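Engineer: the following block contains a protein sequence and its predicted model.
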Amino acid sequence: MRWPQPTPYPGANVTSAPSARPLSQRTYAVVLNPTAGRGLARREWPRLEAELRARGLPFELLSEASGAAALARVQALPPDVAVLAVGGDGTVGALLPALVGPAGGGGGRPLGIVPLGSGNDFAGLLGLKAGDFASALDRLAFAPRQVDALRATILGGDGAGTSHLLLNGLGMGFDAQVTALTLRAPARLSGFGRYAWAALAALRELTLTPVQVEVDGQALYAGPSCLAAVMNGTRYGGGFHISPASDPRDGRLNALASGPVTRAQLLGLMARVLPGRHLGHPRVHHAAGHTATVTWARPTYLHLDGDLAGQVTGVRVEVLPGAVTLLNG
Ligand SMILES: Nc1ncnc2c1ncn2[C@@H]1O[C@H](COP(=O)(O)OP(=O)(O)OP(=O)(O)O)[C@@H](O)[C@H]1O
């Protein structure tokens, strides 16, 4: 899916003119994740700082050692201070509790994204490119847009009973195993290369586990599977379009599950997932809705917005329509 380009406010000049709220009056907390992109965000900070200053944007830099520490800093700020998240999907995800409105709807603290992570999948869907600071900052002059978020509750296994806010989505089984293996990928690889290396390693260890997937209470699939995903965005893994039918502004989530596949079939499927041409495949089950429940017969790896979250036996996901106010999406 191509995300439509943002609409400037009438009269807005993308390089300098004010939006409905003049840019110079909006204050930003720049949350820089020094570990994102394996240090890329930290290394690029001087260049980004110069771009911020050149635009006269008032900002405070928050650089912490963990997402939890950054979240605590942001939560202590006045509610009208906007966040500029500098990093990948995990950097944004860690801040969502400070961005989603109190009832899970809109009205929360505004968010801008400056992608400098490894995969930058949600930013990629928005058309933002890593290192293109001019585009990311110029778009702050556009009208803010509400985008959906997801709330995932772990039903069994590691972290049972905990809930997590997501912007991009989650994956279980093969996807999450790939995430686990990505951590072991050779240091010389980055972004898509790391994902491809880990995907081939996971392919060698492929296992099928019985799963039940329901969307809005209706059975989507029950049977042996190697992966399931529940998505708000279209892509993960640094560019695999796992959910090409997703639209983070449609108020719905998209659930996918594989049926039983051999290694060769999965390899063929991966080639179709990359450009997002797998939804018609007979071994791919897909539906959109407001809630999804995935139940595995055995503990299965889970990733949340690309961050490994242990092994679980079940997850319930609900969409939070228009929960996040996006400034440069
Ligand atoms: N503000 C923060 N400061 C420090 N660490 C953070 C912060 N936010 C998140 N983290 C941790 O840093 C990890 C990496 O961040 P992030 O996911 O943004 O980068 P990435 O993995 O390189 O990019 P991507 O998720 O797009 O592939 C996260 O998994 C999280 O544990």
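Structural biologist: Perfect, I can see it now.

Engineer: who in the chain is up against the ligand?
Structural biologist: Along the chain, the residues adjacent to the ligand under the rule Cβ under 6 Å from any ligand atom are 31, 33, 35-37, 64-67, 70, 87-91, 94, 117-120, 306-307. All C-beta atoms are positioned from the backbone trio N, CA, C, and that covers glycine.

Engineer: show me what the helix-or-strand element of the chain with minimal mean pLDDT is packed against.
Structural biologist: For the chain, the helix or strand with the lowest mean confidence is helix 191-204, at a mean of 84 (criterion: mean pLDDT, DSSP states H and E). Helix 191-204 makes packing contacts with helix 174-182, helix 263-273 when contacts are defined by 3 or more Cβ pairs under 8 Å, 6 or more residues apart in numbering; DSSP states H and E.

Engineer: got the buried residues for that helix?
Structural biologist: Within helix 191-204, the residues scored as buried using 16 or more other Cβ atoms under 10 Å are 191, 194, 195, 196, 197, 198, 199, 201, 202, 203.

Engineer: ok, stretch 246-261 next?
Structural biologist: In stretch 246-261, residues buried by neighbour count (16+ other Cβ under 10 Å) are 246-249, 252-259, 261.

Engineer: hmm, which two among those are most spread apart?
Structural biologist: Looking at the buried residues of stretch 246-261 by Cβ to Cβ, the two members farthest from one another are 249 and 261, with 32.0 Å of separation.

Engineer: and residue 308, what is it in contact with?
Structural biologist: Residue 308 makes contacts with 176, 179, 180, 183, 301, 302, as judged by Cβ atoms under 8 Å, 6 or more residues apart in numbering.

Engineer: now with 10 Å?
Structural biologist: Contacts were defined as Cβ atoms under 10 Å, 6 or more residues apart in numbering; by that measure residue 308 touches 158, 176, 177, 179, 180, 182, 183, 301, 302.

Engineer: picking that back up, make CSV out of the buried residues of stretch 246-261 and add secondary structure and pLDDT.
Structural biologist: As requested, the buried residues of stretch 246-261 are exported to CSV (DSSP: H, G, I helix; E, B strand; the rest coil; pLDDT from 0 to 100):
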residue, secondary structure, pLDDT
246, coil, 97
247, coil, 97
248, coil, 97
249, coil, 95
252, coil, 98
253, strand, 98
254, strand, 98
255, strand, 98
256, strand, 98
257, strand, 98
258, strand, 97
259, coil, 97
261, coil, 95
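
Engineer: out of these, which is nearest to the ligand?
Structural biologist: Distance to the ligand across the buried residues of stretch 246-261 (Cβ to the nearest ligand atom) is lowest for residue 248, with 15.7 Å.

Engineer: quick one, domains of the chain?
Structural biologist: When the chain is parsed with automatic domain parsing, its domains come out as 23-147, 149-325.

Engineer: so how far is the longest one from its chain's centroid?
Structural biologist: So that's domain 149-325. Going by Cα atoms, centre = their mean, to the nearest Å, the spacing between the C-alpha centre of domain 149-325 and its chain's C-alpha centre is 12 Å.

Engineer: sorry, back to before: tell me the most packed of the contacts of residue 308, by neighbour count.
Structural biologist: Each of those was scored for neighbours by other Cβ atoms under 10 Å, and residue 302 scores highest at 30 neighbours.
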